[in-house]
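Undergrad: here is a sequence together with a model predicted from it:
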Number of protein chains: 2
Amino acid sequence: MTMTQWDQNELEAYPLTGRFLANRVRAELTAEEKRVLETSVDEVEVFDRTRRILTQGEVYNHSTILIDGLVMRTIEGADRRHGISIQVPGDFVDLHCFALKRLDHNLDTVGPVRLGYVRHSRLREIMDHYPKLARILWFATLVDAAIHREWVMKLEQLTVPKRLAHVFAENWYRLRLVGLGDENGFASPLNQAVLSELVGATPIHVSRALKDLRERGIADFSRGRIDLPDREKLYEFAAFDPDYLYGTKGFDPGSENG
Amino acid sequence: MTMTQWDQNELEAYPLTGRFLANRVRAELTAEEKRVLETSVDEVEVFDRTRRILTQGEVYNHSTILIDGLVMRTIEGADRRHGISIQVPGDFVDLHCFALKRLDHNLDTVGPVRLGYVRHSRLREIMDHYPKLARILWFATLVDAAIHREWVMKLEQLTVPKRLAHVFAENWYRLRLVGLGDENGFASPLNQAVLSELVGATPIHVSRALKDLRERGIADFSRGRIDLPDREKLYEFAAFDPDYLYGTKGFDPGSENG
DNA sequence: CGAAAATTTGACGACTCTCAAGTCGAGTGG
DNA sequence: CCACTCGACTTGAGAGTCGTCAAATTTTCG
């Protein structure tokens, strides 16, 4: 797993927030604005096991940036938890709880994570004194909304095997945007139970669907790693078109200069 | 169909934007801020027939507030159009295209509408000079995202009859928030074809599901009007909980003081 | 009234769920 | 080193939900 020189420099300069909007509008930020962001993180925390880091309906006075690991947005349904979306390193996972006060969903870690906290008072200062940074933060929450919309469409359109393929394709692409994953797949703490919550199916059916994907040569899922041997076949099967992720024009998830 | 005194005053004072975030955070706006918004609308347009008002991927230099009528977010799938969500009067339907430049989906009218346009240059001024208004605009886009998340969960959880019930429940509640609809349902230009795009089913299955809802006494859908005789039964069947719509504490969709 | 659009119905097959049982793999204690 | 255990995963059978194809019926509107 390699990273571009660009990413390495950015991560050395901004170890906590260097992945924020990488290969999206991050390039529009000035050094000062990046520094304002980086120094806004006033606490870093590490969790090893699965854990709820934000609970639906409660009020917080900080927001959280995901530095390393995976976090899932969830909503408790009638009898089971439902996965809404996955967040990857660099994502400001609950930026919107600053503007919304309370949130309508939970944030649960999946596997070990490293988190950075930013106080809302600090965000308010940013809103008041750095209009461009404010716009960028707004942008970040809007990309999340675009991801939700795409997923609504896919849920309406795709069968479970194709939904799984889409989850893999999107997750892979987003990891590549921030310099993670490799050209043949990515490491992941996901298991079949979590996948079933994400695609709205039973674990049993997910198992069958994964077998289908394996036999088709589209995706080989095993605990700890997801292999994706044929990008084109994957994209076509999942009807995946990354436009909605708002990556920089010309970004290529298959090359080293991600 | 009646409205509260509150709504009437607000609509007289701000005929174009008086419904914006009504019964949500609108109360936090000062008269000056409301005036800034109202005077930002520099053009009003009326459409009678179904029509695409914003096309995926294109760049616009204005955003649109829905003054009257219904608008649907859509994404073109492999062979058919998919409905993502419905917008009601008072919604700033494509505010995010200001921050995102191009949008990932289309906006299509459903039935006759009246639209107001706000130039992006004007929004930029607001961002720079009215931080509180900026936060409110951000808030508005975040509520849309919350609606998307809830719908993702419902798509993962509910059968088609229950999805339809949820669409009716949410649409009704949101109309009540802005002083529209009545205590037994609401007028609506929706037809079964559009409903099928919204819930991710075939028109044929929607027809059967509507029959089911009718026989259960939960919803009586006919072109032009949706009757909802038993709110409690509807909410329970659809597992509808309006928290995610961020209505003002104490708002009651069943009373006159909406 | 007549044509077009919207809605309804029936039959059959595909996708997914539930219930139940069985397999596999990592870690533990003997 | 092996038996055991627990969680994760897999397999099978039958039922429910929903899609497809085809046709009939009702509504809308010129």
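TA: Everything's here; your move. Numbers count the residues shown, from 1 in each chain, chains lettered A, B, ... in the order given.
Undergrad: and the residue of the stretch 51-200 of chain A that's closest to DNA strand C?
TA: Among the residues of the stretch 51-200 of chain A, residue A:159 lies nearest to DNA strand C; the distance is 3.3 Å by Cβ to the nearest atom of the strand. (Each C-beta comes from the backbone N, C-alpha and C, glycine too.)
Undergrad: flag every residue of chain A that's near DNA strand D.
TA: For chain A, the residues found near DNA strand D under the criterion Cβ under 7 Å from any atom of the strand are A:191-193, A:203-204, A:207-208, A:210-211, A:223.
Undergrad: where along chain A do the helices fall?
TA: A:5-13, A:31-38, A:96-100, A:120-129, A:131-157, A:160-177, A:192-199, A:203-216, A:231-238 (DSSP state H).
Undergrad: the ones you listed: which one's closest to residue A:85?
TA: When the helices of chain A are ranked by distance to residue A:85, counting by Cβ to Cβ, first place goes to helix A:131-157 at 5.8 Å.
Undergrad: could you check the angle helix B:192-199 makes with the closest one?
TA: 110 degrees (axes from the mean of the first three to the mean of the last three Cα atoms, to 10 degrees).
Undergrad: can you tell if helix A:131-157 touches DNA strand C?
TA: No - using Cβ under 7 Å from any atom of the strand, no contact is recorded between helix A:131-157 and DNA strand C, whose separation bottoms out at 9.9 Å.
Undergrad: what average pLDDT does that helix get?
TA: Throughout helix A:131-157, pLDDT has a mean value of 96.
Undergrad: check stretch A:87-100 too.
TA: For stretch A:87-100, mean pLDDT rounds to 96.
Undergrad: and it, how far out from the chain's middle?
TA: Per Cα atoms, centre = their mean, to the nearest Å, the displacement of stretch A:87-100 from the mean C-alpha position of its chain is 10 Å.
Undergrad: pull the CA atoms of that stretch into CSV?
TA: Once non-C-alpha atoms are left out, stretch A:87-100 reads as follows in CSV (Å, rounded to 0.1, in the frame of the first residue of the first chain):
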residue,chain,number,x,y,z
GLN,A,87,-17.1,7.0,6.8
VAL,A,88,-13.5,6.8,5.9
PRO,A,89,-10.3,8.5,7.3
GLY,A,90,-10.4,12.2,6.7
ASP,A,91,-14.2,12.5,7.1
PHE,A,92,-15.6,15.1,9.5
VAL,A,93,-18.1,12.5,10.6
ASP,A,94,-20.5,14.7,12.7
LEU,A,95,-19.8,18.1,11.4
HIS,A,96,-23.6,18.6,11.0
CYS,A,97,-24.3,18.1,14.7
PHE,A,98,-22.8,21.6,15.0
ALA,A,99,-25.5,23.1,12.9
LEU,A,100,-28.3,20.7,13.8
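Undergrad: and the contacts of that stretch?
TA: Contacts of stretch A:87-100 with the rest of the structure, by Cβ atoms under 8 Å, 6 or more residues apart in numbering or on different chains, involve A:17-22, A:54, A:60, A:63-73, A:103, A:107, A:120, A:123, A:137, A:140-141, A:144, A:171, A:174-175, A:178, A:180, B:135, B:138-139, B:142-143, B:145-146, B:246.
Undergrad: domain ranges for chain A?
TA: Here the domain assignment for chain A is A:5-142, A:155-245, based on automatic domain parsing.
Undergrad: skipping its backbone neighbours, what lies nearest residue A:195 in space?
TA: Setting aside the residues directly before and after it, residue A:195 is nearest to residue A:206 in space (Cβ to Cβ, 6 or more residues apart in numbering or on different chains), at 5.2 Å.
Undergrad: and the one you found, how far from chain B?
TA: Residue A:206 sits at a distance of 13 Å from chain B (criterion: Cβ to the nearest Cβ, to the nearest Å).
Undergrad: what's the local residue count around that residue?
TA: Neighbourhood size, residue A:206 [other Cβ atoms under 10 Å in any protein chain shown]: 24.
Undergrad: that one and residue A:237, how far apart?
TA: Counting by Cβ to Cβ, to the nearest Å, the gap between residue A:206 and residue A:237 amounts to 16 Å.
Undergrad: what's the answer for residue A:127, then?
TA: According to Cβ to Cβ, residue A:127 stands 43 Å off from residue A:237.
Undergrad: wait, doesn't residue A:230 sit right on residue A:218?
TA: Yes - look at residue A:230 against residue A:218 with Cβ atoms under 8 Å: they come within range, at 6.8 Å.
Undergrad: compare these two (neighbour count), which wins?
TA: The neighbour count for residue A:230 versus residue A:218, taken as other Cβ under 10 Å, is higher for residue A:218 (23 against 14).
Undergrad: the more buried one contacts residue A:236, doesn't it?
TA: No - taking contact to mean Cβ under 8 Å, the distance of 9.3 Å between residue A:218 and residue A:236 leaves them out of contact.
Undergrad: pLDDT weak spots in the stretch 1-150 of chain A?
TA: Regions of the stretch 1-150 of chain A meeting the criterion pLDDT under 70 cover residues A:1-6.
Undergrad: enumerate the residues of it near chain B.
TA: Remark: the part of the stretch 1-150 of chain A in contact with chain B comprises A:57, A:73, A:75, A:77-78, A:82-85, A:96, A:99-100, A:104-105, A:127-128, A:131, A:134-135, A:138-139, A:141-146, A:148-150, using Cβ under 8 Å from any Cβ of the partner chain.
Undergrad: coming back round to it: would you turn the domains of chain A into TSV with distance to residue A:255?
TA: As requested, those are arranged in TSV below (distance: least, Cβ to Cβ, whole Å):
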stretch	distance to residue A:255
domain A:5-142	12
domain A:155-245	8
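Undergrad: looking at those domains, which is nearest to residue B:26?
TA: Once these are compared by Cβ to Cβ, domain A:5-142 is nearest, at 15.0 Å.
Undergrad: where's the closest one relative to the chain centroid, distance-wise?
TA: Using Cα atoms, centre = their mean, the offset of domain A:5-142 from its chain centre is 10 Å.
Undergrad: also stretch A:186-204?
TA: Using Cα atoms, centre = their mean, the offset of stretch A:186-204 from its chain centre is 15 Å.
Undergrad: what's the answer for stretch A:178-188, then?
TA: Relative to the mean C-alpha coordinate of its chain, stretch A:178-188 is positioned 13 Å out (Cα atoms, centre = their mean).
Undergrad: average pLDDT for it?
TA: Per-residue scores along stretch A:178-188 average to 95.
Undergrad: so which residues make contact with it?
TA: Counting contacts by Cβ under 8 Å, 6+ apart, the residues outside stretch A:178-188 that touch it are A:1-4, A:7, A:11, A:19, A:22-23, A:70, A:88-90, A:171-172, A:175, A:220, A:224-229, A:254, A:258.
Undergrad: for it, C-alpha coordinates in PDB please.
TA: Below are the C-alpha coordinates for stretch A:178-188, written out as PDB (Å, rounded to 0.1, in the frame of the first residue of the first chain):
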ATOM      1  CA  VAL A 178      -7.400   9.700   0.800                       C
ATOM      2  CA  GLY A 179      -4.400   7.600  -0.200                       C
ATOM      3  CA  LEU A 180      -5.500   4.300   1.400                       C
ATOM      4  CA  GLY A 181      -6.300   0.900  -0.100                       C
ATOM      5  CA  ASP A 182      -4.400  -0.500  -3.000                       C
ATOM      6  CA  GLU A 183      -4.900  -1.400  -6.600                       C
ATOM      7  CA  ASN A 184      -6.500  -4.800  -5.900                       C
ATOM      8  CA  GLY A 185      -8.700  -4.000  -3.000                       C
ATOM      9  CA  PHE A 186      -8.400  -2.800   0.600                       C
ATOM     10  CA  ALA A 187      -8.100  -4.000   4.200                       C
ATOM     11  CA  SER A 188     -11.300  -3.700   6.100                       C
END
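Undergrad: buried residues, that stretch. List them.
TA: A:178-181, A:183, A:185-186, A:188 (16 or more other Cβ atoms under 10 Å in any protein chain shown).
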